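>>> The following block contains a protein sequence and its predicted model.
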Amino acid sequence: MKTIEEYAIGLVVDGAISFAEDDMNEDDEIADDKHQEACRLAEKIARAIRDDPATVLALAANYAD
């Protein structure tokens with residue numbers, strides 16, 4: 001069974017990747033060419049979170065509930 005921290009990291013990573021894959025930039029918030037670049041960067045950030053969860057969890061501990 002996963003720890004709560006492992007599960008939470010999975011929620012963040014999976015959610016970010018899923019959102020990046022599904023985002024269609026329907027409101028034209030960013031130029032189309034920059035949209036794809038932003039989605040690729042979002043996926044890289046999500047993978048970095050997955051690869052170094054201890055750092056992310058330490059940062060999260062600084063935030064009050």
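That came through fine. If you're wondering where the values come from, they're calculated on a predicted model, not measured in any experiment. Residues are numbered from 1 along each chain as shown.

>>> Quick check: which ranges of this protein have low pLDDT?
Within the chain, no stretch has pLDDT under 70.

>>> What segments of it are helices?
All helices of the chain, identified by DSSP state H, fall at 4-22, 32-51, 53-60.

>>> buried set for stretch 47-64?
By neighbour count on 16 or more other Cβ atoms under 10 Å, the buried set for stretch 47-64 is 49-50, 53, 56. C-beta here means a position set from N, CA and C on the backbone, and glycine is covered the same way.

>>> Touching it from outside, list them.
Here stretch 47-64 makes contact (Cβ atoms under 8 Å, 6 or more residues apart in numbering) with 5-6, 9-10, 12-13, 16-17.

>>> Reformat those residues as TSV; add distance to residue 38 and neighbour count.
Compiled in TSV, these are given as follows (distance: Cβ to Cβ, whole Å; neighbours: other Cβ atoms under 10 Å):
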residue	distance to residue 38	neighbour count
5	28	13
6	27	12
9	22	21
10	23	14
12	18	15
13	17	20
16	12	17
17	13	17
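
>>> Show me which pair in those is furthest apart.
Using Cβ to Cβ, the pair of the contacts of stretch 47-64 lying farthest apart is 5 and 17, separated by 18.7 Å.

>>> Not counting its neighbours along the chain, what's nearest residue 30?
residue 38 (6.3 Å; Cβ to Cβ, 6 or more residues apart in numbering).

>>> The one you found against residue 32, yeah?
No. Residue 38 is beyond contact range of residue 32, at 10.6 Å (criterion: Cβ atoms under 8 Å).

>>> Looking at those two, which is more packed in?
Between residue 38 and residue 32, residue 38 has the larger neighbour count (other Cβ atoms under 10 Å), namely 16 against 8.

>>> circling back to that earlier point, distance to residue 23 for the buried residues of stretch 47-64 - can I get that in a markdown table?
Output for these, formatted as a markdown table (distance: Cβ to Cβ, whole Å):
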| residue | distance to residue 23 |
| --- | --- |
| 49 | 18 |
| 50 | 19 |
| 53 | 24 |
| 56 | 22 |
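
>>> now for the residues you listed, which pair is the farthest apart?
Among those, 50 and 56 lie farthest apart (Cβ to Cβ), at 9.1 Å.
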